[in-house]
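Colleague: sequence unknown, structure follows:
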């Protein structure tokens, strides 16, 4: 115990400069040597509870991102690690459908700054809580896996869409590089069998797999947008879940709110453009459907409506087994990365979401007689001027791998990563924070336990180590105090008390 305490104290001292959000996102052998953080990191992620059976009592202002899994699990009667239930308990009449809508690249700040009135109304009329304890880097996939597994990346092992390991680039959810922790879909398959329908859809292949069960079945469908084929394809290769962007869709319902504001949304097939005018006085923005980023934005929104219609028409949800649907929208985050958060394109894309998301939520709530859902806004995009930072890094003449920015890997032959990180930190200045992860590698095999082994299901965080230190030393102090007290009593000399026997004893009468 004393050895563990000493090692824990060493980690706290040595890694004091590493923020907890980087600590919790660290995975030995996958995480980068240096991570670039903005001086101010937005913390505006939120979760909105949707459904008629939501309890409004004891709804906190915020919860941890990894507690969302418990909220989803409890609605279906699945076992959880913590009591986070906001569903009115009725074991004989539980919801038969659980649906989750995740929007990456949008948070409370985005809703307020761009005056997204419909999203504001949806989140204000339903119980909404902030989401804290997000790890950094704010990779969309890593955050989504944390949400659906209830564990940090340091445990589930997914640090991003891709990373560098042993000098080679590895992609998440390919060649066995899946999460080391089961997700909500896995729990449903375990408790309800393969009859439970699980559908996950996203513009990202890895993201669609992140919400699907590990073991494939006839009722599990991971659907993603193939940017080359310009169509949504299902990993199960089921024709029922495939859809081409070239197919005509009656999407007027999705854009009604924009049209009411005097704007317009239309797809010009001859020019292969998505034309968006958010309101009567707004500029007209053209999204090129031949472009992978622009086409993903349009395809995700349209497919969400198509999927709801397919599920309703085929009566796939009409049984006694609980079902789950996961929709993860990555288009807005990608638009912010391509054009910038302050661009007209990002503004127009956000207005599309503002009009479409409330309609999509309503469509899925009607797929079952009793359903419960969650809308997760994963937070506004992280603001980093990549071009300027990359130019500064280039002038430092360091051997760095910047393909995974803001994660930066050093050369494998670098014998002094601490010095390299110091040069990088000095060169980038104080406009950003340069976080070095090499202190974590010194302890990853003994204390931090950030291995992505399937047998590792817990991690030691900085907060937990501090609590351990406090409890340990207080316990030792009390134990020594008790031992000292016992020893004092045992070693006391027996003699008459001076207070009780202070008076002179009376002389006994002499014998006659």
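Modeller: Ah, there it is. Keep in mind that what you see is a predicted model, and the values were worked out from it rather than measured.

Colleague: pLDDT on the longest helix seen in the chain, on average?
Modeller: When the chain is parsed with DSSP state H, its longest helix is helix 462-490. Per-residue pLDDT values over helix 462-490 give a mean of 83.

Colleague: same check, this time on stretch 325-335
Modeller: Mean predicted confidence for stretch 325-335 is 96.

Colleague: likewise stretch 71-87?
Modeller: The average of the pLDDT scores along stretch 71-87 is 71.

Colleague: and the residue nearest to residue 434 when sequence neighbours are not counted, what pLDDT?
Modeller: For residue 434, ignoring the flanking residues on the chain, the nearest one in space by C-beta to C-beta, 6 or more residues apart in numbering is residue 425 at 3.9 Å. C-betas here are computed from N, CA, C, even on glycine. Predicted confidence (pLDDT) at residue 425: the value is 89.

Colleague: tell me the secondary structure for residue 425?
Modeller: helix (DSSP: H, G, I helix; E, B strand; the rest coil).

Colleague: center of this structure, which residue is that?
Modeller: For the chain, the residue sitting closest to the mean C-alpha position, by C-alpha atoms, centre = their mean, is residue 143 at 2.4 Å.

Colleague: pretty sure that residue belongs to a strand, no?
Modeller: No: the assignment for residue 143, made by three-state DSSP, is helix rather than a strand.

Colleague: the stretch 351-500 of the chain: strands as residue ranges?
Modeller: Counting by DSSP state E, counting those that start in this stretch, the stretch 351-500 of the chain has strands at residues 371-377, 400-401, 407-410, 432-436.

Colleague: where does the chain have its least confident helix or strand?
Modeller: Least confident helix or strand of the chain, by mean pLDDT, DSSP states H and E, is helix 2-14 with a mean of 40.

Colleague: which ones are touching the spatially closest residue to the residue nearest to the centre of the chain that is not a sequence neighbour?
Modeller: Excluding its sequence neighbours, the residue lying closest to residue 143 (C-beta to C-beta, 6+ apart) is residue 378, at 5.7 Å. For residue 378, the contact set (C-beta atoms under 8 Å, 6 or more residues apart in numbering) comprises 45, 102, 103, 104, 105, 106, 107, 131, 140, 143, 144.

Colleague: could you list the low-confidence segments of the stretch 151-300 of the chain?
Modeller: Along the stretch 151-300 of the chain, no part satisfies pLDDT under 70.

Colleague: how close does residue 239 get to residue 180?
Modeller: 33 Å (C-beta to C-beta, to the nearest Å).

Colleague: would you mark the buried spots in stretch 393-411?
Modeller: Residues of stretch 393-411 classed as buried by neighbour count (16 or more other C-beta atoms under 10 Å): 393, 398, 400, 401, 402, 404, 405, 406, 407, 408, 409, 410.

Colleague: same check, this time on stretch 258-268
Modeller: For stretch 258-268, a neighbour-count test (16+ other C-beta under 10 Å) marks 258, 261, 263, 264, 265, 267 as buried.

Colleague: rewinding a little: how many other residues sit next to the residue nearest to residue 434?
Modeller: Using other C-beta atoms under 10 Å, residue 425 has 17 neighbouring residues.

Colleague: the one 5 residues further on too?
Modeller: Here the count is done by other C-beta under 10 Å, and residue 430 has 9 residues near it.

Colleague: quick check: it touching residue 38?
Modeller: No: using C-beta atoms under 8 Å as the test, residue 430 is too far from residue 38 to be in contact (11.7 Å).

Colleague: shared neighbours of those two, anything?
Modeller: Common contact partners of residue 430 and residue 38 (C-beta under 8 Å, 6+ apart): none.

Colleague: and for residue 252, nearest residue in space, chain neighbours not counted?
Modeller: residue 259 (7.8 Å).

Colleague: who does the host helix or strand of the one you found touch, helix- and strand-wise?
Modeller: Residue 259 belongs to helix 256-260 when assigned by DSSP states H and E. If contacts are counted by 3 or more C-beta pairs under 8 Å, 6 or more residues apart in numbering; DSSP states H and E, helix 256-260 sits against strand 264-268, helix 344-365.

Colleague: how about 7 Å then?
Modeller: Helix 256-260 sits against helix 344-365, with contacts defined as 3 or more C-beta pairs under 7 Å, 6 or more residues apart in numbering; DSSP states H and E.

Colleague: just the buried residues of the helix it packs on, please?
Modeller: When neighbours are counted by 16+ other C-beta under 10 Å, the buried residues of helix 344-365 are found to be 345-361, 363-365.

Colleague: what's the spacing between residue 490 and residue 480?
Modeller: Applying C-beta to C-beta to residue 490 and residue 480 gives a distance of 16 Å.

Colleague: ignore what I typed, I meant residue 192.
Modeller: 54 Å.

Colleague: among the two, which residue is more densely surrounded?
Modeller: residue 192 (19 against 10).

Colleague: which residue is the nearest non-sequential neighbour of that one?
Modeller: In space, residue 192 comes closest to residue 321 once its chain neighbours are excluded; the distance is 5.2 Å by C-beta to C-beta, 6+ apart.

Colleague: do I have it right that that neighbour meets residue 191?
Modeller: No: using C-beta atoms under 7 Å, residue 321 is not in contact with residue 191, being 10.1 Å away.

Colleague: so which residues of the stretch 51-200 of the chain form helices?
Modeller: Listed in chain order, the helices of the stretch 51-200 of the chain (DSSP state H, counting those that start in this stretch) span 68-75, 108-113, 117-125, 140-149, 153-156, 184-192.

Colleague: which other helices and strands contact the first one?
Modeller: Yep, that's helix 68-75 we're talking about. With contacts taken as 3+ C-beta pairs under 7 Å, 6+ apart, helix 68-75 sits against strand 97-103, helix 140-149, helix 184-192, strand 371-377.

Colleague: quick one, which of the ones you listed gets closest to residue 418.
Modeller: For the helices and strands packed on helix 68-75, the distance to residue 418 is smallest for helix 140-149, at 25.6 Å, taking C-beta to C-beta.

Colleague: quick check: mean pLDDT of that closest one?
Modeller: The pLDDT scores in helix 140-149 average 96.

Colleague: between that helix and strand 97-103, how big is the angle?
Modeller: 150 degrees (axes from the mean of the first three to the mean of the last three C-alpha atoms, to 10 degrees).
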